[in-house]
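Asks: just a sequence and a predicted model for now, questions to come.
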Amino acid sequence: MGRVFKSFLKKDDGVTAVEFSFFAIPFAFLMVGMVEVGMMSTAGTLLQGATDDAARLIRTGQAQNSGDPQGAFENKLCEKVDLLIDCDDLVYEVIKIDEAQGFGGIAGNMMLVEPTFDPNGDLIPGGFDAGNENSLVIARVTYRYPLFTPFAGPLLADRHDNTKLLMSTAIIQNEPYDF
């Protein structure tokens, strides 16, 4: 019996399979995590591009002259994010910044329109005011990206529900449009 046991211990058949099994699971988690981070980054980039495109409607006066500025803004936003993001999950605000509010210049005015968040970390929208010609306007759009992998949640999430807040901002000065 001892000889059979010693002979079994000396065999090295299957060592590669055993070593692979030690690294296969962490490698799979790493690969899935990389895909998750890539998808989240893509969603953030898509959100920023959509915010910029929707804010352009305000900057050029197209939204204001459409009869429904908020509807025009929202339609453009939803049209651009439709690939990865459900439009119903977006929260946005468009705020006109008065020159008298700040210390002069964009930097001084921006300090007075910081985003407001509820206790859960969600944006509390400050309304929709696209302004007029030459108005300084800030557009913010937020989206709670759901993290699908259970191991990425604790590392990336900013809440207990495995979501990460993505926020995009566009600061514009309306053009002197006159249609």
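Replies: Alright, I've got the coordinates.
Asks: mind checking how far the top helix by length along the chain is from the chain centre?
Replies: For the chain, the longest helix by residue count, based on DSSP state H, is helix 15-59. Put simply, helix 15-59 sits 12 Å off its chain's centre (CA atoms, centre = their mean, to the nearest Å).
Asks: can you tell me the average pLDDT over that helix?
Replies: Mean pLDDT, helix 15-59: 91.
Asks: now whatever helix or strand comes next after that helix - C-alpha only, CSV.
Replies: Using DSSP states H and E, the helix or strand that follows helix 15-59 in sequence is helix 69-81. Provided in CSV are the C-alpha atoms of helix 69-81 (Å, rounded to 0.1, in the frame of the first residue of the first chain):
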residue,chain,number,x,y,z
PRO,A,69,-37.3,74.1,-24.9
GLN,A,70,-37.3,71.3,-22.3
GLY,A,71,-38.9,68.8,-24.7
ALA,A,72,-36.4,69.7,-27.4
PHE,A,73,-33.5,69.3,-24.9
GLU,A,74,-34.9,66.0,-23.6
ASN,A,75,-35.6,64.6,-27.1
LYS,A,76,-32.0,65.3,-28.2
LEU,A,77,-30.6,63.8,-25.0
CYS,A,78,-32.7,60.6,-25.3
GLU,A,79,-31.9,60.3,-29.0
LYS,A,80,-28.1,60.3,-28.2
VAL,A,81,-28.1,58.0,-25.2
